[in-house]
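Student: sequence and predicted structure, then a few things I'm wondering about:
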Amino acid sequence: MVGASAPNVERSAISAKIFVGNLSYDTTEPQLREFLGQAGTIVDLYLATDRETGRPRGFAFATYSTEAEAADAIQRFNGQELGGRALNINEAQERPRRPRMMDVAEGPFEDFSFGGSKRKPFKAKGSRRGLRARKRSL
């Protein structure tokens, strides 16, 4: 077949982005960049921090310039100790897509049909309870 591509060919090469887990909370970005830089050129390094406290959350993502460098980093540093903890390093997985509000079902009445269904529609009882509580407090 001319012009046809091979169907469902899986990509065997890994991504140039790696996940670094089990980091010590005391590990800083320069320390991690120096440690992981032994395997190649780091293009981007993201050290996750807590929104409220600003402390590191114990994991990071590093992007290397080539996939070969990322594979070398995984092989070389997985299980190595940094800051008193054995690192868990593997290929970064794509985050699953979160459903948007439009993707979520239309609501509790989606399975309800008026043509003889035995299921009753779900009715939120919060407003009734709130009304009773307000009456009692008067």
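Tutor: All right, it came through fine.

Student: three-state assignment of Thr53?
Tutor: coil (DSSP: H, G, I helix; E, B strand; the rest coil).

Student: repeat that for Glu69.
Tutor: helix.

Student: and the strands in the protein?
Tutor: With DSSP state E as the criterion, the chain has strands at 17-21, 42-49, 56-64, 81-82, 85-86, 88-91.

Student: for Thr49, see how far away Ile74 is.
Tutor: Separation of Ile74 from Thr49 (Cβ to Cβ, to the nearest Å) stands at 24 Å. (C-beta placed from N, C-alpha, C; glycine too.)

Student: shaky segments in the chain?
Tutor: By pLDDT under 70, the low-scoring segments of the chain are 1-14, 101-132, 134-135, 137-138.

Student: Arg55 versus Asn90, what's the distance?
Tutor: Taking Cβ to Cβ, one finds Asn90 at 24 Å from Arg55.

Student: what does Glu81 give?
Tutor: Distance, Glu81 to Arg55, by Cβ to Cβ: 21 Å.

Student: who are the neighbours in contact with the closest residue to Asp72 other than its chain neighbours?
Tutor: Counting by Cβ to Cβ, 6 or more residues apart in numbering, Asp72 lies nearest to Ala39, which is 4.8 Å off, once chain neighbours are set aside. By Cβ atoms under 8 Å, 6 or more residues apart in numbering, the contact set of Ala39 is Tyr64, Glu69, Ala70, Asp72, Ala73, Arg76, Phe77.
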